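[1] Turn this into a model:
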Amino acid sequence: MTKVYLTTLFALIVICLTNNAFAQKDKPSEDQLFLKDGSKKHGSINFNEKKVIYEIKLSDQNGATNLYSALEIDSLILENNELFVSKVLDENKKDGKPQLVQKLFQGEFDLLKSDGDYYFETSEGKIISLSEGSIPGTNLINKSDRKIRKYIGIISFLTKGECELVLKDQLNRITLKDQSLISYLINYHECKGVAYKLYSNNKPRFKASLLVQAGATTSISKSKDNSLPTSQNLEKSIFPLFMVGTRISAYRESPRLSMDFLVGFSPQSNTIHYFHENIRERVTGTSIYSNQVFSAQWFANYSFIKSRKIDIYTGLGFNTRINISENEYSITDNFSKSSSITVISEAETVKITPVTLSPSAKLGAILIKSKNSRLSAEFILDYTANKLNVNLPRAVYFYGINTGFVLGYSFLLKK
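    Here you go, the predicted model:
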């Protein structure tokens, strides 16, 4: 089994390193930046979409990074089809300066989004906030009796006509969310027979990767406080661990979050020596047993350090173990101090809990990243409340603290 474990681990490392050698051939990001001077740049564009965007960072294929402000930028389009344009949203402000605004929809009027707020831009270039109660430059006052949904009156005014009447029910159900607004605008333009174009994210909300891990696990067992004080010693302390499963990443809304679903196997046959002594007796024993451990793990992960080259993350979850164990040999010496008589028994004394549920935590890092695959390393820790018991003849219960270190290789299931 040790040879199989070492061979599997070595093969995993070779695959990961080979993948890294070919990683340079991965197609680079196809983000495009259009500047006001007419020039065009390619590379990976980074910025915080949850804040007002006044500048972006562009990393080219050679790794060089440059900053560009909204004053210099005309527009940019990301690889996932998202379009951002440079706009001054409020020209009435003295300090009004251009910022990058996401354009979700282009048609008779455009749907814009910035810092969580939505705007319509008319064909005349007038920008109207959907959070306002009136439309500047008109005598329209929003008379909607739904005060928290004043935007319905604004949309109704802008789309007034036969199609607005046809879509009245949908209009009254609109919420300030991307899909709700876009859906109404699509139906409105199709009703009028007017051309339109979408710039919403065309990548899936989640991405799934196949994750294969191999490593080693170890365990420390101690008797519980309410049990007889008993010491024990395991001849083997380290066991191979193999796992396979899926990593689900919140690709769009929460790129720092992910979940792991894994099943695993670890052969943990061992020999245990135990000892207990009190004023009446002294008990020593040895038990040889085979144990095949099958596990199912679930983790929710958060990357607290995330960059183009490395991710460092932590995870919390649960580990369910199924122990298929069999006693191969047991012997116990029970020495009575009062009579100086030793009773020897070969009855089974060690019972491994068949099914356990353990709260777990882990710390991991993605060491090598290519476009579609990852090499990771993880340290895993969990606590098992009832790992095993030893009958002396009174049962002594042991808890376990389990640790593991694994290397993992993952790749996208659908590119």
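[2] Output the lowest mean pLDDT helix or strand found in this structure.
    helix 2-23 (a mean of 49; mean pLDDT, DSSP states H and E).
[3] Is it correct that residue 165 falls within a helix?
    Yes. Under DSSP: H, G, I helix; E, B strand; the rest coil, residue 165 falls within a helix.
[4] contacting residues for residue 341?
    residue 335 (C-beta atoms under 8 Å, 6 or more residues apart in numbering). C-beta here means a position set from N, CA and C on the backbone, and glycine is covered the same way.
[5] change the start of the numbering to 48 and stick with it
    Sounds good: first residue 48 from here, last item residue 388.
[6] That one and residue 333: what is the separation?
    Residue 388 sits 20 Å away from residue 333, going by C-beta to C-beta, to the nearest Å.
[7] and if you look at residue 392?
    From residue 392 to residue 333 the distance is 12 Å (C-beta to C-beta).
[8] Pick out whichever of these two has more residues nearby.
    Neighbours per residue (other C-beta atoms under 10 Å) separate residue 392 from residue 333, with residue 333 holding more: 17 against 14.
[9] And the closest residue to the more buried one other than its chain neighbours, what's its pLDDT?
    Leaving out its chain neighbours, the residue that sits closest to residue 333 by C-beta to C-beta, 6 or more residues apart in numbering is residue 320, at 5.2 Å. For residue 320, the pLDDT comes out at 92.
[10] Residue 320: how many residues sit nearby?
    13.
[11] So what are the sheet partners of the host helix or strand of it and their directions?
    Using DSSP states H and E, residue 320 sits in strand 317-324. In its sheet, strand 317-324 lies beside strand 278-281 (antiparallel), strand 328-353 (antiparallel), with partners assigned from DSSP bridges.
[12] Could you list the buried residues of it?
    317, 319, 321, 323 (16 or more other C-beta atoms under 10 Å).
[13] hmm, who's touching that strand?
    275-283, 329-336, 338, 396-397, 437, 439, 443.
[14] Likewise for stretch 241-252?
    Against stretch 241-252 from outside (C-beta under 8 Å, 6+ apart): 124, 127-130, 149-155, 225, 229, 232-233, 236, 297-300.
[15] So which of these are in strands?
    124, 130, 149-153, 297 (DSSP state E).
[16] Compare those and tell me which has the most neighbours.
    Ranking the ones in strands among the contacts of stretch 241-252 using other C-beta under 10 Å puts residue 152 first, with 24 neighbours.
[17] Report the separation between that one and residue 261.
    Relative to residue 261, residue 152 is positioned 48 Å away (C-beta to C-beta).
[18] Per the annotation, how does the protein divide into domains?
    The chain breaks down by automatic domain parsing into domains covering 78-245, 251-459.
[19] Is the residue nearest to the spatial centre of the chain inside a helix or a strand, and which specific one?
    The centre of the chain sits closest to residue 305, judged by C-alpha atoms, centre = their mean, with a distance of 0.8 Å. Using DSSP H and E, residue 305 sits in strand 304-314.
[20] same question, residue 269
    strand 253-270.
[21] Given that strand, what are its sheet partners and their directions?
    In the sheet, strand 253-270 lines up with strand 285-297 (antiparallel), strand 442-459 (antiparallel) (DSSP bridges).
[22] what angle do the first one and strand 304-314 make?
    In this case it means strand 285-297. Per axes from the mean of the first three to the mean of the last three C-alpha atoms, to 10 degrees, the angle that strand 285-297 makes with strand 304-314 is 160 degrees.
[23] now the longest one
    Counting by the same axes, to 10 degrees, strand 442-459 lies at 120 degrees to strand 304-314.
[24] Name the residues of strand 442-459 that come out as buried.
    Of all the residues in strand 442-459, those buried under the rule 16+ other C-beta under 10 Å are 443-447, 449, 451, 453-457.
[25] Kindly indicate which of those residues lies nearest residue 79.
    Lowest distance from residue 79 to the buried residues of strand 442-459 (C-beta to C-beta) belongs to residue 457, with 28.9 Å.
[26] Who is that closest one paired with across the strands?
    With DSSP bridges as the rule, residue 457 is bridged to residue 258, residue 421.
[27] contacting residues for it?
    256-259, 294, 420-421, 423.
[28] out of those residues, which are buried?
    256, 258-259, 294, 420-421, 423.
[29] CSV please, covering those and showing pLDDT and distance to residue 287.
    Shown next, in CSV, are the buried ones among the contacts of residue 457 (pLDDT from 0 to 100; distance: C-beta to C-beta, whole Å):
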residue, pLDDT, distance to residue 287
256, 93, 23
258, 95, 17
259, 96, 14
294, 94, 22
420, 87, 24
421, 90, 22
423, 94, 18
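[30] Just the closest of the residues you listed to residue 402, please.
    Nearest to residue 402 among the buried ones among the contacts of residue 457, counting by C-beta to C-beta, is residue 258 at 24.0 Å.
[31] For that closest one, give its distance to residue 308.
    9 Å.
[32] Repeat that for residue 379.
    Counting by C-beta to C-beta, the gap from residue 379 to residue 308 is 42 Å.
[33] Those two: which has the busier surroundings?
    Neighbours around residue 379 and residue 308, counted as other C-beta under 10 Å, are more numerous at residue 379. The numbers are 21 against 15.
[34] Let's have the buried residues of strand 317-324 in a markdown table, adding distance to residue 242.
    Below are these laid out as a markdown table (distance: C-beta to C-beta, whole Å):
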| residue | distance to residue 242 |
| --- | --- |
| 317 | 72 |
| 319 | 76 |
| 321 | 80 |
| 323 | 85 |
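[35] which two in these are spaced the farthest apart?
    Every pair of those checked by C-beta to C-beta; the farthest is 317 and 323, at 19.3 Å.
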